[in-house]
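**Q** kindly generate the corresponding structure for this input.
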Amino acid sequence: MNNFKNEKGFAFAIIVILLFLLISLSLYFVLDIFGIIQVPKEYSITQFLDTTSEVSYQAESNETENKKEKNKVVRNKVKDDVYDSDAEFHISDPVTKTSSNDYDEENYDVENDLDYNKYYYSQLDDNAKKIYDKILENKDNLTSGTYTIDFGKEFNKLLNSENGDKILNDSFQSAVNALLLDNPDIFFLDITKMYLLTKSTTYAFTGTKYEVSIGPNDDEGYLNSSFLESSVETAQSKLESIKRSILNDLEGNDIDKIKQIHDYLVENLEYDSTFSNDNIYNLYGALVNKSTVCEGYAKAFKYLLDAEGIPCVVICGLAQNTKGEIENHAWNYVLIDGAWYAVDVTWDDPIVVGGGTLSQESKYKYFLRGSDSLFNDHEEDGTIVEGADFYYPELNNEDY
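**A** Have a look, this model is predicted:
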C-alpha cells in the first residue's frame, strides 16, 4: 500500500514538473514571438517566422569638402582674408544679413531658454538630444574608434511611424554636428565615418521591431585618420597641458582674459592656406600643430573661454573677403555684461603680403564687434547640415 502511494506521489510530481516546463516553454515562445523579450537568434523561434534587414546612415559633417556649396567658395577653401601691408582694407557690396532660421522670434526667449555651455544641444529635438547625450556619455569609449553605442528599441515607435526613418536620420545628422560645435574637445572623431545602424525584424504576429546603434560601418573605425587608438590619450594630454599654460598666464577681468586669449591665438597660430595638413578643422590642429583654418580658430577660442566660464558660441555663416568673394566661414559670439559681441580671430590674424607687420588696427578689426559693423561683411547661417536650422544670439548693435 505504501509503495503504491509512493509511486502515485512520484507520478504526480513528474506531471507537475512537466506541466511547469510546458507552461514555461509556452510563455517563453509567446514572449519571444511577440518580441517582448530579447532571445539569442539561435534559440529564437522567430528565426523561422521573421525577416531581418539592416540599414545604415552615414553622418555628414559641416567640416568636409563635400558639404553643400553656398555661393562661390566652400568654407576654408580660400584664405579668409589676405592683407597687403600697404593696401587699404575695403569691403565692396556688403553682405545683407538674412535669417534662414525657422523659429518664432516673438515667443522664444533666446537669453533665458538656452544653455550656452550646450548651445546647439539646447535647440535639438528630443530624438537628437537622446543621440547627443548618449554619444557624449560614451566620449571616453569612442577614443577606441570602434566602440558601438547601442540604443536598443529606443526609437522603435518613431521608426514605425510615417517618415520615421527620415526624421531619425535628420536628428542623427543634427546631433553629431551640434556635439562637435558644443564640445571642441571631441576633436578625434571623423563623424563622416560614424553610422546610424538600424536593424529591423519583422515578426509574424507583432509587425516590425527596430533596434538602433551608432558605430563604425567597417573595420576602419571612425577616428580621425591622424589618430591611432594609442595616441588619442597622448593628444588629449598635450591639449590639456597647453590649455593650463595659457590659462595660468591670464589676468584681469573677463574682457582682459578674452583679449589675452584672442592675442595668443593671433600671435601663435598660422592660417593653413595649403589645406594639406591633418586636423586643420579642429582644436588639435589649432593648439598643438598651430596650423588651422577658421573653424579651428573658432573652436580653440571657445575651448579656452569655456575653461574660464565665459559664455562663447561658435557661429557658422558667410563672409565677404577683400577680394569680394563670398566664403563659408566660422567665428564666435561672446557674452559680456548681458550683451553679445562678435570675435573673428581668423580675420584678425591675416596673411600679410610681402612679410609686413600686422597693424594694431588690423589685429583688432573684428574684436568685440556689434551687428552694425559685423554684418557689413558677415552673415549668419544656421543651416549647419541640410534640414537642421539653428539660430544665434542677437548681437548688440554697437561695438563694445
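**Q** ranges for the strands of the stretch 101-250 of the chain?
**A** Using DSSP state E, counting those that start in this stretch, the strands assigned to the stretch 101-250 of the chain run over residues 149-152, 195-203, 207-215.
**Q** now do the first one, average pLDDT.
**A** Think strand 149-152. Along strand 149-152, the predicted local confidence has a mean pLDDT of 96.
**Q** mind saving the C-alpha coords of it as PDB?
**A** Taking C-alpha atoms only, strand 149-152 is exported to PDB below (Å, rounded to 0.1, in the frame of the first residue of the first chain):
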ATOM      1  CA  ILE A 149      26.700  52.800 -28.900                       C
ATOM      2  CA  ASP A 150      23.500  50.700 -28.500                       C
ATOM      3  CA  PHE A 151      20.100  52.300 -28.300                       C
ATOM      4  CA  GLY A 152      18.100  49.100 -28.300                       C
END
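**Q** adjacent strands (with direction) for that strand?
**A** As defined by DSSP bridges, the strand partners of strand 149-152 come to strand 207-215 (antiparallel).
**Q** next, the angle from the strand it pairs with to strand 195-203.
**A** Using axes from the mean of the first three to the mean of the last three Cα atoms, to 10 degrees, the interaxial angle of strand 207-215 with respect to strand 195-203 works out to 160 degrees.
**Q** and for residue 318, the neighbour number?
**A** Neighbours of residue 318 under the rule other Cβ atoms under 10 Å: 20. Where C-beta positions appear, they are placed from N, C-alpha and C, glycine not excepted.
**Q** got the CA coordinates for the helix or strand containing it in CSV?
**A** In this assignment (DSSP states H and E), residue 318 forms part of strand 312-320. Coordinates of each C-alpha in strand 312-320 appear next as CSV, following Å, rounded to 0.1, in the frame of the first residue of the first chain:
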residue,chain,number,x,y,z
CYS,A,312,31.1,81.6,-26.1
VAL,A,313,29.4,80.2,-29.2
VAL,A,314,30.8,79.0,-32.5
ILE,A,315,29.0,80.8,-35.3
CYS,A,316,28.7,79.5,-38.9
GLY,A,317,27.8,81.6,-41.8
LEU,A,318,29.1,83.5,-44.8
ALA,A,319,31.6,86.3,-45.1
GLN,A,320,32.9,88.5,-47.9
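**Q** and the helix or strand following it, what does it pack onto?
**A** Toward the C-terminus, strand 312-320 is succeeded by strand 326-336 as the next helix or strand (DSSP H and E). In this structure, strand 326-336 packs against helix 254-268, helix 294-307, strand 312-320, strand 339-343, with contacts taken as 3 or more Cβ pairs under 8 Å, 6 or more residues apart in numbering; DSSP states H and E.
**Q** now do the shortest one: distance to the chain's middle.
**A** Right, strand 339-343. Here strand 339-343 shows a centroid-to-chain-centroid distance of 23 Å under the convention Cα atoms, centre = their mean, to the nearest Å.
**Q** report the angle between the axes of that strand and strand 326-336?
**A** For strand 339-343 against strand 326-336, the angle by the same axes, to 10 degrees is 140 degrees.
**Q** pull out the buried positions in strand 339-343.
**A** Of all the residues in strand 339-343, those buried under the rule 16 or more other Cβ atoms under 10 Å are 339-343.
**Q** can you give me the angle the strand holding residue 318 makes with strand 339-343?
**A** Between strand 312-320 and strand 339-343, the angle comes out at 50 degrees (the same axes, to 10 degrees).
**Q** which one of the helices and strands packed on strand 326-336 lies closest to residue 225?
**A** Closest of these to residue 225 is helix 294-307, at 16.4 Å (criterion: Cβ to Cβ).
**Q** count of neighbours near the nearest residue to residue 269 once chain neighbours are set aside?
**A** Taking Cβ to Cβ, 6 or more residues apart in numbering as the measure, residue 269 lies nearest to residue 290, with 5.3 Å between them; neighbours along the chain are not counted. By the other Cβ under 10 Å criterion, the neighbourhood of residue 290 contains 15 residues.
**Q** the helix or strand residue 362 falls within: what's the following helix or strand?
**A** Element membership of residue 362 [criterion: DSSP H and E] is helix 360-363. Under the assignment DSSP H and E, the closest C-terminal helix or strand after helix 360-363 is strand 367-369.
**Q** tell me what that following strand is packed against?
**A** Judged by 3+ Cβ pairs under 8 Å, 6+ apart, the packing partners of strand 367-369 are helix 254-268, strand 339-343.
**Q** in the longest one, which residues are buried?
**A** Meaning helix 254-268. Neighbour-count burial for helix 254-268, with 16+ other Cβ under 10 Å as criterion, is recorded at 254, 257-266.
**Q** what is the orientation angle of that helix with helix 294-307?
**A** For the pair helix 254-268 and helix 294-307, the angle between their directions (the same axes, to 10 degrees) equals 140 degrees.
**Q** export helix 254-268 to CSV, keeping only CA atoms.
**A** The C-alpha trace of helix 254-268 is given here as CSV (Å, rounded to 0.1, in the frame of the first residue of the first chain):
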residue,chain,number,x,y,z
ASP,A,254,36.7,88.9,-18.4
ILE,A,255,37.4,91.5,-21.0
ASP,A,256,41.1,91.3,-20.3
LYS,A,257,41.0,87.5,-20.5
ILE,A,258,39.1,87.5,-23.8
LYS,A,259,41.7,89.8,-25.2
GLN,A,260,44.6,87.8,-24.0
ILE,A,261,43.2,84.6,-25.4
HIS,A,262,42.5,86.3,-28.7
ASP,A,263,46.0,87.7,-28.8
TYR,A,264,47.5,84.3,-28.0
LEU,A,265,45.7,82.7,-31.0
VAL,A,266,46.6,85.5,-33.3
GLU,A,267,50.3,85.5,-32.4
ASN,A,268,50.8,81.7,-32.2
